[in-house]
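Peer 1: Sequence and predicted structure, then a few things I'm wondering about:
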Amino acid sequence: MMKMKGYGWSNGAASIINAVATWKGSAFAIELVTRAVVELDHSSGIKGEVPGVDTRLIERCVERVLDHLGLEYGGRVRTSSEIPIASGLKSSSAAANAVILATLDALDVDMDLVSAAKIGVEAAREVGVTITGALDDALASMLGGVVVTDNREMSLLRRDELNCSVMLLVPDQRIFSRDTDISRSRIIAPMADLAFDLAMQADYGRAMTLNGLAYCAALGLSSEPLILALEKGARGTSLSGTGPSYAALIDESKMDGLEESWRALGGRVIRTKANNRCASRGQGF
């Protein structure tokens with residue numbers, strides 16, 4: 001039986017603006033990645049092989065690419081990731097993008113990255129892992145850098161490169177996007193609009209901090225990590241997605257102080273950087 005094998009990888013990301021309140025969002029890529037391997041053949045159905053993880057999204061991503069191209073194949077898909085699951089660091093978007101690129105690699109088909117990311121957004125909506133479609137998360141993960149999007153209109157409004165160190169606080173709990181209290185989030189829409197205006201002016205640090213304080217209040221999550229980050233000199237800090245993780249843009253020279261403060265809160269502290277690389281198909285990284 002003929003087999004076609006492909007590889008892909010995509011970035012994790014963190015929030016500048018959560019799109020739940022207004023459908024307008026912003027996110028930036030970080031140097032944590034998800035890798036995918038797709039093997040296609042003439043069997044029936046797509047089977048995800050990631051122990052302990054719901055594989056509906058990655059299976060649907062392969063199926064969506066095949067549907068888009070008018071092809072019928074079966075096969076297997078598996079992913080491996082450096083990104084904590086259900087932590088607000090865009091693990092679903094990264095997995096979808098990596099799988100789509102790996103499927104295209106297996107088929108030796110080219111597709112522009114924005115179109116490829118939109119296939120993943122539709123797959124995520126179909127399997128219920130996103131509220132807004134998360135185009136901001138998907139494009140930050142796929143294109144690298146920082147993006148601003150209108151998720152209702154499915155449009156990319158702005159993309160910039162972002163060069164800075166990033167500190168992440170990943171509490172032990174998991175929070176799935178589908179469980180978010182949408183009504184409470186939409187109450188803070190006026191604050192989200194202000195954050196959006198700042199992001200459109202490339203004032204990402206202040207946009208991020210305003211977003212974080214507003215969403216922590218709306219979702220009943222602690223703002224203490226944000227206050228500590230600002231106290232230690234962060235340029236911007238926010239709850240990432242709907243949590244539970246927090247992210248801070250902070251100079252390398254100030255990271256030790258923030259790490260000490262955040263470690264006292266419990267959970268995992270990760271040092272990383274903003275990432276301006278586009279996701280890619282193939283084995284090269």
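Peer 2: Happy to help now that I have it.
Peer 1: Alpha carbons only: can I get the host helix or strand of residue 39 in CSV?
Peer 2: Assigned by DSSP states H and E, residue 39 falls within strand 24-41. Taking Å, rounded to 0.1, in the frame of the first residue of the first chain, the C-alpha atoms of strand 24-41 are listed here in CSV:
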residue,chain,number,x,y,z
LYS,A,24,-11.2,41.4,17.9
GLY,A,25,-8.1,39.8,19.2
SER,A,26,-4.3,40.0,19.2
ALA,A,27,-1.6,37.4,20.0
PHE,A,28,2.1,36.9,19.6
ALA,A,29,4.1,33.8,18.9
ILE,A,30,6.5,32.3,21.4
GLU,A,31,9.4,29.9,21.1
LEU,A,32,7.5,26.8,22.2
VAL,A,33,6.5,24.6,19.3
THR,A,34,4.2,21.7,18.3
ARG,A,35,5.4,19.2,15.7
ALA,A,36,3.2,16.9,13.6
VAL,A,37,3.6,13.8,11.4
VAL,A,38,0.9,12.7,9.0
GLU,A,39,1.0,9.4,7.1
LEU,A,40,-1.6,9.0,4.3
ASP,A,41,-2.6,5.8,2.6
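Peer 1: Residue 202: what's it in contact with?
Peer 2: Neighbour list for residue 202: 158, 160 [criterion: CB atoms under 8 Å, 6 or more residues apart in numbering]. Glycine gets a C-beta too; all of them are placed from N, C-alpha and C.
Peer 1: So for residue 172, what pLDDT did the model give?
Peer 2: For residue 172, the pLDDT comes out at 84.
Peer 1: Could you measure from it over to residue 208?
Peer 2: Note on residue 172: its distance to residue 208, by CB to CB, to the nearest Å, is 23 Å.
Peer 1: before we move on, what about residue 70?
Peer 2: From residue 70 to residue 208 the distance is 42 Å (CB to CB).
Peer 1: Out of those two, name the residue with the larger neighbour count.
Peer 2: The neighbour count for residue 70 versus residue 208, taken as other CB atoms under 10 Å, is higher for residue 208 (32 against 6).
Peer 1: Can you report phi and psi for the more buried one?
Peer 2: Dihedral pair for residue 208: phi -60, psi -50, per degrees, to the nearest 10.
Peer 1: ok, it - contacts?
Peer 2: 15, 16, 17, 195, 236, 237, 238, 247, 249.
Peer 1: For the last one, give me the backbone phi and psi.
Peer 2: Listed backbone geometry of residue 249 is phi -90, psi 120, with angles given as degrees, to the nearest 10.
Peer 1: Give me the pLDDT for it.
Peer 2: So residue 249 comes in at 98 (pLDDT).
Peer 1: Name all residues that make contact with it.
Peer 2: Applying CB under 8 Å, 6+ apart, the residues near residue 249 are 162, 164, 165, 166, 204, 205, 208, 234, 235, 236, 237, 274.
Peer 1: any low-confidence regions in the stretch 1-150 of the chain?
Peer 2: Applying pLDDT under 70 to the stretch 1-150 of the chain picks out residues 1-3, 132.
Peer 1: quick one: the strands in it?
Peer 2: Ranges of strands in the stretch 1-150 of the chain, per DSSP state E, counting those that start in this stretch, are 4-17, 24-41, 46-48, 74-81, 146-150.
Peer 1: And the longest one, how far out from the chain middle?
Peer 2: In terms of CA atoms, centre = their mean, to the nearest Å, the centre of strand 24-41 is set 8 Å apart from its chain centre.
Peer 1: Over to the last one?
Peer 2: Computed by CA atoms, centre = their mean, the separation of strand 146-150 from the middle of its chain amounts to 12 Å.
Peer 1: Could you spell out the sheet neighbours of it, each with its direction?
Peer 2: strand 24-41 (antiparallel), strand 155-160 (antiparallel) (DSSP bridges).
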